[in-house]
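1. Please work out how this folds:
(2 chains)
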2 protein chains.
Amino acid sequence: MTKSDRGRRAPSLEHVAGNGLINRRALLGTGITLAGAAGAGAVATGAAAEPVQNGKWSMEFGGLTPAIQSPSPFEKAVTRTLSNPNNEPRNSHARTPHHLLAGTITPNGQHFSINHAGIPNIDPAQHKLVIHGMVKQPMEFTLESLSRYPLVTRTAFVECAGNSAPMFSNEPIQTTAQNIHGLVSNSEWAGVPLSVLLDEAGIDPKAKWVLAEGADAHLLSRSIPTKKMYSDAIVAIYQNGERLMPGNGYPMRLLVPGYQGNMNVKFLRRLKAVEQPAYTYFETKAYSQILPDGRTMRFNFLMQVKSFITAPSFGHTMKGPGFYAISGVAYSGAGRIAKVMVSADGGKSWGEAALQGPINPQAFTRFTMPWKWDGQPAVLMSRAWDETGAAQPLRADFVAARGQTKTPVTNPLAFPNQHYNSMTNWAIGANGEIKHVYV
Amino acid sequence: MTKSDRGRRAPSLEHVAGNGLINRRALLGTGITLAGAAGAGAVATGAAAEPVQNGKWSMEFGGLTPAIQSPSPFEKAVTRTLSNPNNEPRNSHARTPHHLLAGTITPNGQHFSINHAGIPNIDPAQHKLVIHGMVKQPMEFTLESLSRYPLVTRTAFVECAGNSAPMFSNEPIQTTAQNIHGLVSNSEWAGVPLSVLLDEAGIDPKAKWVLAEGADAHLLSRSIPTKKMYSDAIVAIYQNGERLMPGNGYPMRLLVPGYQGNMNVKFLRRLKAVEQPAYTYFETKAYSQILPDGRTMRFNFLMQVKSFITAPSFGHTMKGPGFYAISGVAYSGAGRIAKVMVSADGGKSWGEAALQGPINPQAFTRFTMPWKWDGQPAVLMSRAWDETGAAQPLRADFVAARGQTKTPVTNPLAFPNQHYNSMTNWAIGANGEIKHVYV
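-> Numbers count the residues shown, from 1 in each chain, chains lettered A, B, ... in the order given. Predicted coordinates:
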């Protein structure tokens, strides 16, 4: 459009799918007036000459600029939910409030955290990482010595294998995206490539596995293929610019992009080069999956392609008919997100969402879709594809292969509960309420 | 290399410039053993069989997983420095601790903040953004109505025009990269494109400028070219995934990527479309620059290409001869960083640093260079080029054009003090001490 066209025309909305999904390019400089078209999003002011009113905060000197800043007191609801708020001697989960966030970076305060034996308060001057086993020369690294290497930077999600476990229920559980999908987060990590460290120790070519062990009281350990270590793994020592959060592995953790969360061993203290996997508790019992036919899936590392809508979603209330943005996150352990399709009519028709770049491999990609809600019942869905061509499975196919549980779940450890990557659907009621539904 | 080569050879280091700068590819899988070569970075353990010692944190159940997590108590030194810790009725500066950070994202707690009249505690339900002036239809937006638009995501630095002002001193001031360069930070911002909002209001093609005003007690205001607004400006409502920090403009701010910090008006309450700039205090007095010939440079918006080494830097102490990583940030308001050169011999020879991708326009790019320090005096320097071909100027050229001040500076408002983008040099002494020097 030319400059003289600005604001002069209001072209009709180009629908890309049923029930109000609008072309994702519709808002990019084409002069569509959402507010003018529907009365939502903005209203005209009566006093054009000097329409701005002073709030009391414009009339008085403001507050202190603190040494470390934190969110506004008006954002108190933006907080992780805790499964063990009194730190009883069992595991703890803190879930990321996805339904209250935007963009792709998870702020450090809100990154999910699972701790099987509490959070160790590690003195970095006392902590050591040892590389030993089938190596020419055992090596010992401190936070200081790791900091002498040129660090590489990777934006990557970390996802617990048990994230989205509530979706295995045979009835849709009425809760937020945080409570369903809050065990995945996305950060910029900086650290030292394992290829450099294993080369320094001189790993034996026969050592096809590396046992990684953390310094928490459980000494959580997992066996990682040496091939993955050489491909893209790092020992991370920074998270979104600053040292790791205590609940995310301070002072150092393994990062194996795209693999099950607890393989990214926190509080990393040991890497032992070995010929065979160690069959530890955390890889044979706690993070294996029992299939409907009774067999167990072990060493199933990859977190597969997934997406979920964060807004509108359960816990939000629609403010009447009009324009809304559908927004969510997509990610795949196998690589980059290639495409996200969105439906507003329960899957009858689909439109392609806009992806916010840069699109990084094994990292969150934010997708958006403009939507004109007519005030009638609607069902919002998203489905993602990654660059390998893999798509999120349909629920019927997924459940047939992987099973489901009956609600109420009497045993919270009941299998199956891992690697759920089918779709999440939000039903919008005529009253503006949002429910979790299966379609 | 083949797998069987791993750790079997220690090729000689390929030097790319004088005084120990090593080829940036040297550490990527070529089997160079930094520790073995120099005794730094790692030491061999004596007990290969079971070399791992338990810390006390491995022997007891750990601490609580909190609702919002914060850094380890061992990281207390990582904090912004304050120019007005008692909130006296004047401006306040909080500077980012670059010498203690890595990667490219500035964590929200550590993002720099300058407040001329304290930080307003704004109730987002009461705050409104008005678009008026030369528009067909004045419009009013709330945080809720802005959230109905598909948000775009941009990783961008924001830099105060007065960042690096200590570098105008005719003698190098002995202080940290934080105190010199701490008024720049880098975040992922999410918000609504101005092109969409100005189109909705129907801006008059004759309105070549937009006056942006904040809701703080100073009602800080700046005139922005309409062309820039349509190019890449957004009204940002999220910062690294969560709502803006109060000191960074909660609940909404203007983001004009690459332009002077205070044009990114915080607490944004008004955008008035006008024919001519408003010549406000903050654009004619506080953020204009007096040149050596007595003329004043006004409306000089672009923050030009710049880099500085964050490690090793003033405030660090070298731990003896051996291997180190030289690391720093580079950025340009004109676009992407194309190249960073590093010198360890005060500019006599230069090697090209590795850039950590993805390289985003108007955003921090982290550069790294492996370095073998021989324990003798050395001077570390960095120089950046952007994709337009612009380079950081040499200090002599910069000072000739822009002036300098005599130390001690008796008047802290003495000009010149803005848009410094020449190089920063750190001298390493044989005793391991690091000083700030001009070369």
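
2. Please spell out the segments of chain A that come in under the pLDDT threshold.
-> For chain A, applying pLDDT under 70 flags the ranges A:1-13, A:24-50, A:407-415.

3. please redo it, this time with the cut-off set to 80
-> Where chain A drops to pLDDT under 80, the residues are A:1-13, A:23-51, A:285-294, A:407-416.

4. According to the record, where do the domains of it fall?
-> The domain map for chain A lists A:129-297, A:306-437, with the assignment taken from automatic domain parsing.

5. will you turn those domains into TSV that also has distance to B:Ala67 and mean neighbour count?
-> C-beta: built from backbone N, CA, C; applies to glycine. As requested, the domains of chain A are exported to TSV (distance: least, Cβ to Cβ, whole Å; neighbours: other Cβ atoms under 10 Å in any protein chain shown):
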stretch	distance to B:Ala67	mean neighbour count
domain A:129-297	11	22
domain A:306-437	17	20
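
6. right, and these - which one's nearest chain B?
-> Chain B lies closest to domain A:129-297 among those, at 2.7 Å (Cβ to the nearest Cβ).

7. Now do that closest one: distance from first to last residue.
-> Domain A:129-297 has an end-to-end distance of 31 Å (criterion: Cα to Cα, to the nearest Å).

8. can you map out the strands along the stretch 201-350 of chain A?
-> With strands called from DSSP state E, counting those that start in this stretch, the stretch 201-350 of chain A shows them at A:209-214, A:221-225, A:234-239, A:242-243, A:253-255, A:268-274, A:289-290, A:296-297, A:306-311, A:322-331, A:337-343.

9. Now distance to B:Met263 too, for those, in a markdown table please.
-> Output for the strands of the stretch 201-350 of chain A, formatted as a markdown table (distance: least, Cβ to Cβ, whole Å):
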| stretch | distance to B:Met263 |
| --- | --- |
| strand A:209-214 | 47 |
| strand A:221-225 | 48 |
| strand A:234-239 | 30 |
| strand A:242-243 | 27 |
| strand A:253-255 | 37 |
| strand A:268-274 | 44 |
| strand A:289-290 | 54 |
| strand A:296-297 | 55 |
| strand A:306-311 | 30 |
| strand A:322-331 | 27 |
| strand A:337-343 | 34 |
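
10. For A:Leu255, list the residues it contacts.
-> A:Leu255 makes contact with A:154, A:156, A:158, A:189, A:191, A:233-236, A:264 under the criterion Cβ atoms under 8 Å, 6 or more residues apart in numbering or on different chains.

11. Show me what it is bridged to.
-> A:Leu255 has the following beta-bridge partners by DSSP bridges: A:Ile234.

12. can you give me the helices in the stretch 151-300 of chain A?
-> Ranges of helices in the stretch 151-300 of chain A, per DSSP state H, counting those that start in this stretch, are A:177-181, A:194-201, A:226-232, A:281-284.

13. does chain B sit close to the longest one?
-> Yes. Taking Cβ under 8 Å from any Cβ of the partner chain as the criterion, helix A:194-201 and chain B are in contact, through A:195-196, A:198-201.

14. Export that helix to PDB, keeping only CA atoms.
-> Extracted as PDB, the C-alpha positions of helix A:194-201 are listed here (Å, rounded to 0.1, in the frame of the first residue of the first chain):
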ATOM      1  CA  LEU A 194      30.800 -32.100  25.400                       C
ATOM      2  CA  SER A 195      32.800 -32.800  22.200                       C
ATOM      3  CA  VAL A 196      35.600 -30.600  23.600                       C
ATOM      4  CA  LEU A 197      35.500 -32.000  27.100                       C
ATOM      5  CA  LEU A 198      35.400 -35.700  26.000                       C
ATOM      6  CA  ASP A 199      38.200 -35.100  23.500                       C
ATOM      7  CA  GLU A 200      40.300 -33.700  26.300                       C
ATOM      8  CA  ALA A 201      39.800 -36.800  28.400                       C
END
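
15. list the helices and strands it packs on?
-> Judged by 3 or more Cβ pairs under 8 Å, 6 or more residues apart in numbering or on different chains; DSSP states H and E, helix A:194-201 is in contact with strand A:129-133, strand A:139-141, helix A:226-232, strand A:234-239, strand A:268-274, helix B:34-38.

16. can you check the shortest one too?
-> Packed against helix A:281-284 by the contact rule (3+ Cβ pairs under 8 Å, 6+ apart) you find strand A:221-225.

17. contacting residues around the strand it packs on?
-> A:208-214, A:233, A:254, A:256, A:259, A:262-263, A:265, A:270, A:274, A:277-280, A:282-283, A:287, A:299.

18. follow-up on the earlier one: export the domains of chain A as CSV, with columns for distance to B:Asp397.
-> Formatted as CSV, those follow (distance: least, Cβ to Cβ, whole Å):
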stretch, distance to B:Asp397
domain A:129-297, 30
domain A:306-437, 34
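
19. quick one: which of those domains is nearest B:Asn54?
-> B:Asn54 lies closest, by Cβ to Cβ, to one member of these: domain A:129-297, at 8.0 Å.

20. and the nearest residue to A:Ala217 once chain neighbours are set aside, what does it touch?
-> Excluding its sequence neighbours, the residue lying closest to A:Ala217 (Cβ to Cβ, 6 or more residues apart in numbering or on different chains) is A:Ala117, at 3.8 Å. By Cβ under 8 Å, 6+ apart, A:Ala117 lies in contact with A:91, A:216-218, A:220, B:61-62.

21. A:Asn84 reaches A:Ser92, doesn't it?
-> Yes. Under the criterion of Cβ atoms under 8 Å, A:Asn84 makes contact with A:Ser92 at 3.9 Å.

22. what kind of secondary structure is A:His99 in?
-> Using DSSP: H, G, I helix; E, B strand; the rest coil, the secondary structure recorded for A:His99 is helix.

23. for it, what are its contacts?
-> By Cβ under 8 Å, 6+ apart, the residues touching A:His99 are A:176-178, A:310-311, A:313-316.

24. now do A:Leu380
-> A:Leu380 neighbours (Cβ under 8 Å, 6+ apart): A:309, A:312, A:326, A:342-344, A:425-428.

25. what about it, helix or strand, and which?
-> Assigned by DSSP states H and E, A:Leu380 belongs to strand A:378-386.

26. relative to strand A:306-311, how tilted is that strand?
-> Angle between the axes of strand A:378-386 and strand A:306-311 is 140 degrees (criterion: axes from the mean of the first three to the mean of the last three Cα atoms, to 10 degrees).

27. After strand A:378-386, which helix or strand is next?
-> helix A:395-402.

28. got the CA positions of the next helix or strand after that following helix in CSV?
-> Heading C-terminal from helix A:395-402, the first helix or strand you meet, by DSSP H and E, is strand A:425-428. Extracted C-alpha coordinates of strand A:425-428, given in CSV (Å, rounded to 0.1, in the frame of the first residue of the first chain):
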residue,chain,number,x,y,z
ASN,A,425,-8.3,-28.4,22.5
TRP,A,426,-10.1,-25.5,24.2
ALA,A,427,-13.9,-25.2,23.9
ILE,A,428,-15.2,-21.6,24.1
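
29. what about strand A:425-428 and chain B, touching?
-> No. Strand A:425-428 is not in contact with chain B by Cβ under 8 Å from any Cβ; minimum separation 14.1 Å.

30. surely A:Ile105 meets B:Ala190?
-> No. A:Ile105 is beyond contact range of B:Ala190, at 9.5 Å (criterion: Cβ under 8 Å).

31. can you count the residues close to A:Arg80?
-> 23 (other Cβ atoms under 10 Å in any protein chain shown).

32. hang on, it packs against A:Ser185?
-> No. Contact between A:Arg80 and A:Ser185 fails when scored by Cβ under 8 Å: they sit 9.8 Å apart.
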